[in-house]
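Enquirer: Following is a predicted model, sequence given first.
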Amino acid sequence: MNPLWSLTLATLVKDIRLEWRSKDALNAMLFFSLQVVVIFVFSFDPLAEESRHIVGGLVWIAFLFAAVVALNQTWARELRNQVLDAYRVSPAPANALFLAKAIGNFLFVVVLQALMVPLFIVFYNLRALGPAWQLIPIAVLGTWALVVNGTFFAAMSLRTRSREIMLPLLLFPISIPAVIAMVAGTTAILTGENSAHFYIVLLLTYDVVFTTACLGLFETILNAE
Amino acid sequence: MKRLFPILSIVTVILLAYALYEALVVAPTDALQGDVYRIIYYHVPSAWTAFLLFFINFVASIEYLVRAKRSTEVAAKWIVIAIGVVGVIATFIPAVQHMLPTGMRPSAVATTVLLIPIFYFLVGRWFPGDKLDILAVTSAEVGVVFCTIVLVTGPLWARPVWGIWWAPGDIRLTSTLVLWLIYVSYLVLRRFSNSAQTQMLAAALAVFGALDVPLVYFSIWFFRTQHPQPVIGGGGSIDPRMLHVLLISWLAFLCFAFLVCRSRFRLELLHREVEQAHAMESLVGAGASKTSLPLSRSSK
């Protein structure tokens, strides 16, 4: 196998195994987004028709915040015992590490979404009026959009003071087009008023552009001195 | 340059005063909006200046990144030349002209595209080495100030004319706001980062920001835009007297921005020299510090 993929796989399996044993990130995310949902339920008490218009925004705000919780912990593990420094001096390709971390985060956030979406449906009494299967590409592409940039900026904010607060500061402005596409696309499908195709294409473009940028610049960021 | 600075300051003050006089007294009153529209003479020049500064920041950041390796530097040079040539030729092909937004003149687009290689090579020539990074900080900081002026004067103007302070779904408003947010986060990153790696991280963030802005623009493509089409090069009509005042105003703002950038650039340069001298001093040790170390700046 190509060393890039074998290393990616090795790091990914290691991260998943660690997460499976500790369940740190997943528990934190799950509990956090559960609270966000509960606060939303108390804050807004909409009719079924209104909720179709606002839930797209609420869902993605909850996932965005929850993803930040997980992303902040991504690299913390590698800082202990100077694992990251060891990785830097090894001949392993930097992008393998990045891809493994991004895919790992992607899987965690997808698991979170699978657990949280039923809750949203129950609390807001949702039923999509448009083609519901299109929510799947929006969720997949949207999550990757958040996670790929999030992993990159988490690596960037490792080098800063008060890094927990730096990640959202860096990530949110860059994520705005993706968030607009996710929220507008979800709302379009739930209300069935217009087509979500444009937003799926936009998310795909966003993913391709920023995945390329991340892979191109990650080595520079990792080795920046 | 040192002797030129006071002269330029005086010229800028005179220009700013003259532009204010022209804007408030000489420029004709708008037929529909009345005197409210006069804020255009602050709003639009600030926007142009801010975008120009952000563009300079982007060019400087790209050059800083590609200079890390010899191979990427050469590749980037050819890519920039290719962008200039292909861009200018493409705008004169009828099929591409159809894709331009209505009212946008091909010649205006070609000029804008041509600015990319020109800026790239000028910036590369005038700002060698670490000065590129100083240019990037300077242009981002001053750009954020001008962008803030745009974002403050915009709602002030929109309220009496549109009846609302802010149009959430509007292309131009949202992309300017996102641009402002990105550059604020850029400055925060620079403030919070350790000094050794800041420059690379900031340059990478600037590239991300530049990739983001067109996507923001397209993401709101579907919404109807409330903001008027750009007046110059956008096919809109404007009284030549108003245009005259607008351009004088822009010239004044550009001079002002140049002055501020120049001072900030020098300040940052001196700041880094002092830091380096301190570092040298602690390296060499206390005994050697009595001998002459270059704490004072050598005059050019």
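Expert: Sure thing, it's come through. Numbers count the residues shown, from 1 in each chain, chains lettered A, B, ... in the order given.
Enquirer: make it CA atoms for all contacts and neighbour counts henceforth
Expert: Will do.
Enquirer: In stretch B:89-105, which residues are buried?
Expert: By 16 or more other Cα atoms under 10 Å in any protein chain shown, the buried positions in stretch B:89-105 come out as B:90-91, B:97, B:104-105.
Enquirer: Please disregard the earlier target; I meant stretch A:127-135.
Expert: Applying 16+ other Cα under 10 Å to stretch A:127-135 flags A:128, A:130, A:134-135 as buried.
Enquirer: Greatest separation within those: which pair is it?
Expert: A:A128 and A:Q134 (10.5 Å; Cα to Cα).
Enquirer: list residues touching both of those two?
Expert: Residues touching both A:A128 and A:Q134 (Cα atoms under 8 Å, 6 or more residues apart in numbering or on different chains): A:I189.
Enquirer: which non-adjacent residue is nearest B:W48?
Expert: B:W250 (7.9 Å; Cα to Cα, 6 or more residues apart in numbering or on different chains).
Enquirer: wait, isn't that neighbour in contact with B:H43?
Expert: No - in terms of Cα atoms under 8 Å, B:W250 does not count as a neighbour of B:H43; the distance is 10.0 Å.
Enquirer: Would you point out which residue is most central in chain A?
Expert: A:V147 (3.5 Å; Cα atoms, centre = their mean).
Enquirer: Which single residue in chain A comes nearest to chain B?
Expert: Nearest residue of chain A to chain B (Cα to the nearest Cα) works out as A:T160 at 4.1 Å.
Enquirer: Give the bridge partners for that residue, please.
Expert: Beta-bridge pairing for A:T160 (DSSP bridges): B:S193.
Enquirer: returning to that earlier point: what average pLDDT does the helix or strand hosting the residue nearest to B:W48 get?
Expert: Per DSSP states H and E, B:W250 falls inside helix B:240-284. For helix B:240-284, mean pLDDT rounds to 90.
Enquirer: Just the residues contacting stretch B:112-124, thanks.
Expert: Contacts of stretch B:112-124 (Cα under 8 Å, 6+ apart): B:56, B:59-60, B:63, B:80-81, B:83-85, B:87-88, B:132.
Enquirer: what comes up buried for it?
Expert: For stretch B:112-124, by 16+ other Cα under 10 Å, it's B:113-114, B:116-117, B:120-121, B:123-124.
Enquirer: Could you provide those residues in CSV, with additional columns for pLDDT and distance to B:D170?
Expert: What follows is these, written out as CSV (pLDDT from 0 to 100; distance: Cα to Cα, whole Å):
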residue, pLDDT, distance to B:D170
B:V113, 83, 25
B:L114, 86, 28
B:I116, 85, 27
B:P117, 88, 31
B:Y120, 88, 31
B:F121, 88, 35
B:V123, 87, 33
B:G124, 85, 36
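Enquirer: Quick check: the farthest pair among those residues?
Expert: Spanning the widest gap among the buried residues of stretch B:112-124 are B:V113 and B:G124, at 17.7 Å by Cα to Cα.
Enquirer: which residues touch the closest residue to chain A within chain B?
Expert: As assessed by Cα to the nearest Cα, chain A sits closest to B:S193 within chain B, at 4.1 Å. B:S193 makes contact with A:157, A:159-161, according to Cα under 8 Å, 6+ apart.
Enquirer: Now which of these would you call buried?
Expert: A:157, A:159-160.
Enquirer: How about the helix or strand harbouring A:T205, which residues are buried there?
Expert: Using DSSP H and E, A:T205 falls within helix A:197-222. The neighbour-count check on helix A:197-222 (16+ other Cα under 10 Å) flags A:198-200, A:202-207, A:209-211, A:213-215, A:217-222 as buried.
Enquirer: near chain B too, which of the residues you listed?
Expert: A:199, A:202, A:206, A:209-210, A:213, A:217, A:220-221 (Cα under 8 Å from any Cα of the partner chain).
Enquirer: Mind telling me the two of these farthest from one another?
Expert: Among those, A:Y199 and A:T220 lie farthest apart (Cα to Cα), at 31.5 Å.
Enquirer: could you say which helix or strand contains A:T186?
Expert: For A:T186, the host element (DSSP H and E) is helix A:163-191.
Enquirer: and A:R127, what are its phi and psi?
Expert: Per-residue torsions, A:R127: phi -150, psi 120 (degrees, to the nearest 10).
Enquirer: And B:D30, by the same measure?
Expert: Dihedral angles (degrees, to the nearest 10) for B:D30: phi -70, psi 140.
Enquirer: List the residues that contact it.
Expert: By Cα under 8 Å, 6+ apart, the residues touching B:D30 are B:Y37.
Enquirer: Recalculate using a threshold of 6 Å.
Expert: For B:D30, no residue meets the contact criterion (Cα atoms under 6 Å, 6 or more residues apart in numbering or on different chains).
Enquirer: Just give me the neighbour total for A:W20.
Expert: The tally of other residues near A:W20 (other Cα atoms under 10 Å in any protein chain shown) stands at 12.
Enquirer: Look up how far B:M99 lies from B:L114.
Expert: Going from B:L114 to B:M99 by Cα to Cα, to the nearest Å gives 19 Å.
Enquirer: In which helix or strand does residue 107 reside?
Expert: You didn't pick a chain, so chain A it is. helix A:94-124.
Enquirer: The intended chain is chain B.
Expert: Assigned by DSSP H and E, B:S107 falls within helix B:106-126.
Enquirer: average model confidence for the following helix or strand past that helix?
Expert: The C-terminal neighbour of helix B:106-126 among helices and strands, as given by DSSP H and E, is helix B:131-162. Helix B:131-162 shows a mean pLDDT of 91.
Enquirer: okay, stretch A:50-62 in CSV with CA atoms only?
Expert: C-alpha atoms of stretch A:50-62 as CSV (Å, rounded to 0.1, in the frame of the first residue of the first chain):
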residue,chain,number,x,y,z
GLU,A,50,-42.5,27.6,11.7
SER,A,51,-40.1,25.0,13.0
ARG,A,52,-39.4,23.9,9.4
HIS,A,53,-38.0,27.3,8.7
ILE,A,54,-35.8,27.6,11.8
VAL,A,55,-34.7,24.1,12.5
GLY,A,56,-32.1,24.1,9.7
GLY,A,57,-30.3,26.8,11.5
LEU,A,58,-30.6,25.3,15.0
VAL,A,59,-29.4,21.9,13.9
TRP,A,60,-26.3,23.2,12.3
ILE,A,61,-25.5,25.7,15.1
ALA,A,62,-25.7,22.8,17.6
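Enquirer: which outside residues touch that stretch?
Expert: By Cα under 6 Å, 6+ apart, stretch A:50-62 touches A:33, A:183, A:186-187, A:190-191.
Enquirer: May I see these organised as TSV, with neighbour count added?
Expert: TSV is the format used below for the contacts of stretch A:50-62 (neighbours: other Cα atoms under 10 Å in any protein chain shown):
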residue	neighbour count
A:S33	24
A:V183	22
A:T186	30
A:T187	24
A:L190	25
A:T191	18
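Enquirer: Near chain B, which residues of chain A? Just list them.
Expert: A:160-161, A:169-170, A:173, A:177, A:224-225 (Cα under 6 Å from any Cα of the partner chain).
Enquirer: rerun that using 7 Å as the cut-off
Expert: Taking Cα under 7 Å from any Cα of the partner chain as the contact definition, chain A meets chain B at A:156, A:159-161, A:169-170, A:173-174, A:177, A:180-181, A:202, A:217, A:221, A:224-225.
Enquirer: circling back: just the angle for the helix holding B:S107 relative to helix B:131-162, thanks.
Expert: In terms of direction (axes from the mean of the first three to the mean of the last three Cα atoms, to 10 degrees), helix B:106-126 departs from helix B:131-162 by 150 degrees.
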